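Peer 1: compute the structure for the input listed below.
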Amino acid sequence: MNFYEIFDIPIAPIVDKTILSKKYFELQRMNHPDFFTTATDHEKEKALEHSAIINEAFKTFKDEQKSLAYYLKEKSMINEDEKYVLSNDFLMEMMEINEEIMEENTSSVYIKIINIANEMKDAVKDLLIVNETDDSTMSLLKLKDYYYKKKYLDRILDRLSD
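Peer 2: Below is the predicted model:
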């Protein structure tokens, strides 16, 4: 059973956070180990397993990047060992950003990266919306490209915050 089935929500790259929270609390009321204190050991163990899976799904869906990765994995578009090749234009732009970082212009670089990330997200925003999810190969490839570019930008931002 996948996370979408557990939460009984539509398969989508980004999950509606209000629905997610509501479903999470409903599921935890039914499955949290604290509600199984008088149950058998087997029932307690099952409740613990279910609760752990629910927590993992909730954590995944709360984080947009993790949610998108999970969606793309469910659609067989990415895998753990994949070596995705980013476009030369994007890599050249990142090389310029890395040069700026070396020149210690970190505040302007941070803003520039945020702007790039926002522009990238705007380009795929219709594909991220639950009601407008398009499973065509072209749309999935656009989401995959967005995912890997965003992952690259996030690594740079993490480096800047160190």
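Peer 1: any low-confidence regions in this structure?
Peer 2: 105, 130-134 (pLDDT under 70).
Peer 1: wait, isn't residue 67 in contact with residue 59?
Peer 2: No - with contact defined as CB atoms under 8 Å, residue 67 does not reach residue 59; the gap is 9.9 Å. All C-beta spots, glycine's among them, are computed from the backbone N, C-alpha and C.
Peer 1: contact partners for the residue nearest to residue 75 when sequence neighbours are not counted?
Peer 2: Counting by CB to CB, 6 or more residues apart in numbering, residue 140 is the residue found nearest to residue 75 once chain neighbours are left out, at 5.7 Å. Taking CB atoms under 8 Å, 6 or more residues apart in numbering, we find residue 140 in contact with 72, 75, 77.
Peer 1: does residue 140 sit in a helix, a strand or a coil?
Peer 2: helix (DSSP: H, G, I helix; E, B strand; the rest coil).
Peer 1: list phi and psi for the residue of the chain most remote from its centre.
Peer 2: Largest separation from the mean C-alpha position in the chain: residue 38, at 37.1 Å (CA atoms, centre = their mean). Taking degrees, to the nearest 10, you get phi -100, psi 10 for the backbone angles of residue 38.
Peer 1: the spatially closest residue to residue 128 that is not a sequence neighbour and residue 89: what is the separation?
Peer 2: Spatial nearest neighbour of residue 128, chain neighbours left out: residue 14 (4.6 Å); criterion: CB to CB, 6+ apart. Relative to residue 89, residue 14 is positioned 26 Å away (CB to CB, to the nearest Å).
Peer 1: tell me which element residue 12 falls in.
Peer 2: Using DSSP states H and E, residue 12 maps to neither a helix nor a strand.
Peer 1: residues near it, how many?
Peer 2: 19 (other CB atoms under 10 Å).
Peer 1: from what I see, it and residue 71 are in contact.
Peer 2: Yes - here residue 12 reaches residue 71: they are 6.7 Å apart, a contact under CB under 8 Å.
Peer 1: domain-wise, how is this structure divided?
Peer 2: Domains of the chain are assigned by automatic domain parsing as 3-62, 88-161.
Peer 1: using a markdown table, lay out those domains together with distance to residue 82.
Peer 2: Converted to a markdown table, the domains of the chain look like this (distance: least, CB to CB, whole Å):
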| stretch | distance to residue 82 |
| --- | --- |
| domain 3-62 | 17 |
| domain 88-161 | 9 |
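Peer 1: re the thing from before, how near is the residue farthest from the centre of the chain to residue 44?
Peer 2: Residue 38 is 9 Å from residue 44, by CB to CB.
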